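Asks: whatever this is, show me its structure:
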Amino acid sequence: QVHLVESGGGLVQAGGSLRLSCAASGSTSGIDAIGWFRQAPEKQREQVALITRSGEITYADSVKGRFTISRDNAKNMVFLQMNSLKPEDTAVYYCHAPAASWGTYFKGDFWGQGTQVTVSS
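Replies: Coordinates of the predicted model:
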């Protein structure tokens, strides 16, 4: 079992920044890639960033140049620095593992409880 806990969401004005954190605990040694998804009201869950244990990174086109994912393997932490936020970034953000491949998730995967990010215009 892997337990994921997100933190760092909140309300910010357009153009502002937030930093999300994901703390992983439990059987984390077998986890390679960890990702961030988001889900806005009445929209499908979409992946925004993914990072492997070795540091390979993928971003959704919609966040490239604005979001930065990073990872501290020693502390089992993954971070998402979000800059130049836009109202369309408003969503609940979820930490997800294992990120087997971009944009996919399966029954039995591990998810955090989610953290709300609201960007006002």
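Asks: the residue nearest the centre of the chain and residue 121: what is the separation?
Replies: Central residue of the chain (Cα atoms, centre = their mean): residue 36, 2.3 Å from the mean position. Relative to residue 121, residue 36 is positioned 23 Å away (criterion: Cβ to Cβ, to the nearest Å). (Each C-beta comes from the backbone N, C-alpha and C, glycine too.)
Asks: repeat that for residue 76.
Replies: On the measure of Cβ to Cβ, residue 76 and residue 121 end up 36 Å apart.
Asks: just want to know which of those two has more residues nearby.
Replies: residue 76 (18 against 9; other Cβ atoms under 10 Å).
Asks: surely the residue nearest to the centre of the chain touches residue 69?
Replies: Yes: counting by Cβ atoms under 8 Å, residue 36 does reach residue 69; the two are 6.7 Å apart.
Asks: quickly list what's touching both of those two.
Replies: 49-50, 78, 80 (Cβ atoms under 8 Å, 6 or more residues apart in numbering).
Asks: which strand in the protein has the most residues?
Replies: What stands out as the longest strand in the chain, according to DSSP state E, is strand 18-26.
Asks: against which helices or strands is that strand packed?
Replies: When contacts are defined as 3 or more Cβ pairs under 8 Å, 6 or more residues apart in numbering; DSSP states H and E, strand 18-26 packs onto strand 2-7, strand 34-39, strand 77-82, strand 91-97, strand 115-120.
Asks: which of those sits closest to residue 109?
Replies: strand 91-97 (6.2 Å; Cβ to Cβ).
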